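Colleague: any chance you can model this:
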Amino acid sequence: MFLETQFAKYANEDIGKLVLRISIAGLMLFHGFQKYTGGIAEIKELVVSSGLPEIVAYGSYLGELIIPFLLILGLFTRTSALIFGTTMVFALFLVHSDMFLAIDPESGGLMTELPLLYLFSSLALFFLGAGKYSLDTKMSQCGCLCKKASN
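Modeller: Numbering: from 1, shown residues only. Now for the predicted structure:
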């Protein structure tokens, strides 16, 4: 209990939100960069073979490149987190559906652990919001047109 009391002095939920935003978005940027440099031909095949229009594949650029940048900045965080989560639902459906509840024999964890972690983290951000260290907060505090347009 003593340690918990001592740690509580340094606890800051806004820093926790910042760490959550930067960690999931920063890690997703690696996936987005790979798609940016290597293309999305495989994603297009998966999308079309599942009966969806090919244009849906371009959503991977949105969900894995643009949205992570918005999350890092804390800009339109709740909407961005919802889009990020939707991207993970598509990833689970298109890429991981055949192994959704499969267990990795080496680690003992779910084979879909990573996309599920991204999905649930994005849901947490949706409910928590960006926190103090974000452009969302800065925009809500200013007297600019951004604030007036949102009212």
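
Colleague: every contact and neighbour count from this point should use C-alpha atoms.
Modeller: OK.

Colleague: now for the longest helix anywhere in the chain, which elements pack on it?
Modeller: Looking only at the chain and at elements set by DSSP state H, the helix with the highest residue count is helix 13-38. Based on contacts counted as 3 or more Cα pairs under 8 Å, 6 or more residues apart in numbering; DSSP states H and E, the elements that helix 13-38 packs against are helix 59-61, helix 67-73, helix 113-128.

Colleague: 10 Å - rerun?
Modeller: Packing partners of helix 13-38 (3 or more Cα pairs under 10 Å, 6 or more residues apart in numbering; DSSP states H and E): helix 41-49, helix 59-61, helix 67-73, helix 77-94, helix 113-128.

Colleague: what comes up buried for the longest one?
Modeller: The reference is to helix 77-94. 77-92, 94 (16 or more other Cα atoms under 10 Å).

Colleague: contacting residues for Lys132?
Modeller: With Cα atoms under 10 Å, 6 or more residues apart in numbering as the criterion, the residues that contact Lys132 are Glu13, Asp14, Ile15, Lys17, Leu18, Gly74, Lys138.

Colleague: so the second one sits against Ala130, correct?
Modeller: Yes: applying Cα atoms under 10 Å, one finds Asp14 in contact with Ala130, separated by 7.9 Å.

Colleague: what sits in contact with each of those two?
Modeller: For the pair Asp14 and Ala130, residues contacting each of them under the criterion Cα under 10 Å, 6+ apart are Leu20.

Colleague: contacting residues for Tyr36?
Modeller: For Tyr36, the contacting residues are Leu29, Phe30, Ser60, Tyr61, Glu64, Leu65, taking Cα under 10 Å, 6+ apart as the criterion.

Colleague: just checking, the third one touches Ile66?
Modeller: Yes: contact between Ser60 and Ile66 holds when scored by Cα under 10 Å: they sit 9.4 Å apart.

Colleague: what sits in contact with each of these two?
Modeller: Applying Cα under 10 Å, 6+ apart, one finds that Ser60 and Ile66 are jointly contacted by Gly32, Phe84.

Colleague: would JSON lines of the contacts of Tyr36 with pLDDT be doable?
Modeller: JSON lines is the format used below for those (pLDDT from 0 to 100):
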{"residue": "Leu29", "pLDDT": "96"}
{"residue": "Phe30", "pLDDT": "96"}
{"residue": "Ser60", "pLDDT": "93"}
{"residue": "Tyr61", "pLDDT": "95"}
{"residue": "Glu64", "pLDDT": "96"}
{"residue": "Leu65", "pLDDT": "96"}
